[in-house]
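1. Structural data only, the sequence is not supplied:
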């Protein structure tokens, strides 16, 4: 983007306008996220700068509140189990989809992708109506199933991506050397596609972790997840505890993002892809 | 890769175990979930009922919040998916729900008979827990001089004299009556009667009166939001439940002033969703919360009145004057007509929602 | 690859039956294995996802409340042609059944359903139910109508009787019409609903308006960023890409919360503006359309940037230089040479943002006012607040169809296998 020395004045003006514009857009993207974090350390319950003092009282409030901790616990439980279900089913399905072409594959793919596309309110309302009739609403099991369904497409997409260019001769070689299909899977296939599986699992986890609308419909007081608890909090009164929770969630997102990025690089290195 | 994988699995397992370990198994019998209105009100219930319940009758009380609509009860009863053993409802809602068979009939022997409670607070499916007022309030810092500060319902809607936004309840309750008082110069009782007798006309007149100020109206959904909006300076006046304003003053040192003119007085009741498998535990909780010495505790934490004579006798005089039922606060007030509300609330709510959005 | 009858392989193998059949069997085994691997997920999605949504949508065409609460009445009313009043015998059946329904408290949802057709029906029916045992049971046929009218004069209006007949189901377009602010009049013609109940056409238009606006703003803001990322050296663009991905990975709720903190009256922007003397009174930045646009664009912008960026990255920068060296103005070169090559990315980005906007609920609910709520809000409202599930289902159907139409366009031009989410 460097400006060539022969640039005309008009080009110069455009160039600087462009830089200012892009900076402004980046500020717009990032400021909300970075503004909310320092406020969580405000010793006063206000949302304004300059802050009068620093304290950890809002974090203390979070970690001493039964309701927040219950939300945290539920989020972790639901997130982990939803991830396990989504990752297992999604990985197997991606392997199957990769193995053969068959009639209805496109339709199958469409159904598979639909949890991402169908507006979440419709999904949540449908699940609420149906799960209640089979006794699954207001249970963590119901939430796990719902979140797993929302996470499956991501697993299939990421695993399928690692399977592109997967050398099936390796599987055949394993089989011809006498390994049974399970051994082949765990010794040959899984290590090869593991980066895809792990990033798919991370996607599935974050989907569950951030999910709110289904939780609004399906969770009772005892199943409140962290976002569901935040939702009540925001609508009732925006206490600084919420900024503390938000800060922790942002840090958690950054952690996951870095993990994903490292995984991506690792995959590219393993496959000899260079930028 | 293998070691990395096993390591993270072990870590995952650790988290799962840790997160389960925190849950002590609680048998359903000595645990109930009470749905209430959140914020300062739930806090007062927590201090007066929930916490002592564990010590006094060995009952663990979990809390939830709800919006107070019949539909929320109906969905649980119709699906059999119960979230709450006990709910804190307003009378109209409880009657509507009772009519539809959505509430358990209470065990009045356990409660010592309906006569123990004030008239209008004891029903087949519901028993009064508090009396509360819906009033409006302003920030004393905004209008420091009482002589020129808002004093009547008409002032609430006088946007020329008192410019700035107003917050009202998101539902239809009390707003139409207030608008009628202001628009037609009616007293609280007249406005209520006119509304109930000429509902369509009254609704149309009230909304037409509000229409020019629609963009000046902010809606609060939970009781805690009203004082919050006032404190944040989002609005200059707000309707509210009197206890919320009282608590903001007492506990958070706010300088909010309540205008009692045109207040609506109503009871809140305890009720149990019909067919709840754990209804007995719910009843046990309600019996406990209705004991005079237990009920009287609540007004120490919020300015709401009790529903039995025995409990009222235990309340200190300086607390009594802030209750909605103090005679000075009742000069222009009306009592909610639960029967009428039960019959009309759903349709009016729907009309109100359409009016707000169009 | 599947060996079909007319493929070269099968022609080549035509003479060798054993090998051919063995290959076929191997091929079949592969397919069976593949299906066996896919089956668990397919079954899982069916049960946890597809069937729930289908069962919800079914409610939009069902009309069962009245026939469930009053089955004998419905049967008796079938003989009636709908003109004037039903035959007295049918009224007697109705009266008898009211007594039973009142006793068992099973009238609830039927009164609600009938009130949807005619306002005031609910309190009338409840009143009638309470008095049914004393005033209606056993009344002879020639006095039954008068007995009803004695309880409530509105029973003298045939419209109420007609409303019962019209609500007998089992299928009905009642809710579908309602979702379009329409209803059927006494003659069965489709007419507008009363204005106090009409909002959904407006809501639909509002949903489209907000989605289009959000998409356009995202495009205007996303294009320069994508261009910047694509033209910078990789090391620097990778860094900036992380800045785009960070908000992308942060939860929608957290970002919406951040906007509330920034935009509210005593929020950061107003405080700063007043402190700097830029304005004196707090600006209205939240609970209105402005707030909705600011927050929604913020959340959806990465979905615009990423597809455009990935297409732009593959464009050879020399094409533009070539155009310029051939005498094209820089802008002309950009518009005529560069931009057309970006179209696949632009198409993917705009369609994705538009599709995602259509279903937004959380953000408008938190930062918008009552007049900024989109169709999803009304689905939630009808699902959990007014509990009008039939209407919620009909609105869901409209939203779903709308989404699917644009998704098929997306699939046509982009292909859903290229859905890029991070």
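-> Here it is on my side, so go on. Values in this document were obtained by computation on a predicted structure and should not be read as measured data.

2. for chain C, what's the longest helix?
-> helix C:200-231 (DSSP state H).

3. buried stuff in that helix?
-> C:200, C:203-204, C:206-208, C:210-211, C:213-215, C:217-219, C:221-230 (16 or more other C-beta atoms under 10 Å in any protein chain shown). Placement of C-beta: from N, CA and C, glycine included.

4. distance between the helix or strand just after that helix and the chain's centre?
-> Next helix or strand after helix C:200-231 toward the C-terminus (DSSP states H and E): helix C:234-249. Helix C:234-249 sits 32 Å away from the centroid of its parent chain (C-alpha atoms, centre = their mean, to the nearest Å).

5. Next, the buried residues of helix C:234-249.
-> C:237, C:240, C:241, C:244, C:245, C:246, C:247, C:248, C:249.

6. roughly how far apart are the third one and residue C:230?
-> According to C-beta to C-beta, to the nearest Å, residue C:241 and residue C:230 sit 10 Å apart.

7. Repeat that for residue C:122.
-> 62 Å.

8. and residue A:210, what does it touch?
-> Shown in contact with residue A:210 (C-beta atoms under 8 Å, 6 or more residues apart in numbering or on different chains): A:227, C:251, C:252, C:253.

9. try it again with 6 Å
-> If you count contacts by C-beta atoms under 6 Å, 6 or more residues apart in numbering or on different chains, residue A:210 has them with residue C:251.

10. Find me the pLDDT at it, would you?
-> We note a pLDDT of 93 for residue A:210 in this prediction.

11. Can you check the pLDDT for residue C:68?
-> For residue C:68, the predicted pLDDT is 91.

12. and it, what element?
-> With DSSP H and E as criterion, residue C:68 is part of helix C:65-69.

13. Near residue C:21, how many other residues are there?
-> 11 (other C-beta atoms under 10 Å in any protein chain shown).

14. now swap in residue A:110 and tell me
-> Other residues within reach of residue A:110, judged by other C-beta under 10 Å, total 16.

15. List the neighbours of the helix or strand where it lies that are in contact with it.
-> According to DSSP H and E, residue A:110 maps onto helix A:105-117. Contact with helix A:105-117 is made by A:149, A:150, A:153, A:156, C:49, C:407, C:416, as judged by C-beta under 6 Å, 6+ apart.

16. OK, contacts around the first one?
-> Think residue A:149. A:115, C:45, C:48, C:49.

17. what's the answer for the fifth one, then?
-> With contacts defined as C-beta under 6 Å, 6+ apart, the neighbours of residue C:49 are A:115, A:149.

18. Residue ranges of each domain in chain B, please.
-> Per the record, chain B has its domains at B:28-131+B:267-320, B:134-265+B:335-357, by automatic domain parsing.

19. Please report how far the residue positioned nearest the centre of chain A lies from residue A:120.
-> Nearest to the geometric centre of chain A sits residue A:206, at 2.7 Å (C-alpha atoms, centre = their mean). Applying C-beta to C-beta, the value for residue A:206 to residue A:120 is 15 Å.

20. and residue B:133, how far is that from chain C?
-> Relative to chain C, residue B:133 is positioned 25 Å away (criterion: C-beta to the nearest C-beta, to the nearest Å).

21. Backbone torsions only: list them for that residue.
-> The phi/psi pair for residue B:133 (degrees, to the nearest 10) reads phi -110, psi 140.

22. Repeat that for residue B:132.
-> Main-chain dihedrals, residue B:132, degrees, to the nearest 10: phi -140, psi 160.

23. so what's it closest to, chain neighbours aside?
-> Distance criterion C-beta to C-beta, 6 or more residues apart in numbering or on different chains; nearest residue to residue B:132, sequence neighbours excluded, is residue B:304 at 4.8 Å.

24. Can you verify my assumption that that neighbour contacts residue B:130?
-> Yes. In this structure residue B:304 lies within contact range of residue B:130 using C-beta atoms under 6 Å: 3.9 Å.

25. pLDDT wise, what is residue A:184 at?
-> 84.

26. All the strands of the stretch 1-150 of chain B, residue numbers only.
-> Counting by DSSP state E, counting those that start in this stretch, the segments of the stretch 1-150 of chain B that form strands are B:31-36, B:60-65, B:86-90, B:127-139.

27. Tabulate the ones you listed (TSV), appending mean neighbour count, distance to residue A:47 and mean pLDDT.
-> Shown next, in TSV, are those (neighbours: other C-beta atoms under 10 Å in any protein chain shown; distance: least, C-beta to C-beta, whole Å; pLDDT from 0 to 100):
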stretch	mean neighbour count	distance to residue A:47	mean pLDDT
strand B:31-36	24	27	93
strand B:60-65	19	23	90
strand B:86-90	25	31	93
strand B:127-139	25	18	96
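
28. will you turn the ones you listed into JSON lines that also has distance to residue B:236?
-> Listed next are the strands of the stretch 1-150 of chain B as JSON lines, based on distance: least, C-beta to C-beta, whole Å:
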{"stretch": "strand B:31-36", "distance to residue B:236": "29"}
{"stretch": "strand B:60-65", "distance to residue B:236": "27"}
{"stretch": "strand B:86-90", "distance to residue B:236": "27"}
{"stretch": "strand B:127-139", "distance to residue B:236": "6"}
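
29. Out of these, which gets nearest to residue B:337?
-> strand B:86-90 (12.0 Å; C-beta to C-beta).

30. could you give the angle of the closest one to strand B:31-36?
-> 10 degrees (axes from the mean of the first three to the mean of the last three C-alpha atoms, to 10 degrees).

31. where in the chain is pLDDT low?
-> By default, I'm working from chain A. A:1-3, A:48, A:270-275 (pLDDT under 70).

32. not quite, I wanted chain B
-> Scanning chain B for pLDDT under 70 picks out B:1-29.

33. before we move on, the earlier item: in the buried residues of helix C:234-249, find the pair that's most separated.
-> Distance extremes for the buried residues of helix C:234-249: the farthest pair is C:237 and C:249 at 18.0 Å, using C-beta to C-beta.

34. tell me which parts of the stretch 51-200 of chain A are close to chain C?
-> Applying C-beta under 6 Å from any C-beta of the partner chain, we find that the stretch 51-200 of chain A lies next to chain C at A:89, A:92-93, A:95-96, A:99-102, A:113, A:115, A:117, A:119, A:121-122, A:125-127, A:129-130, A:145, A:149.
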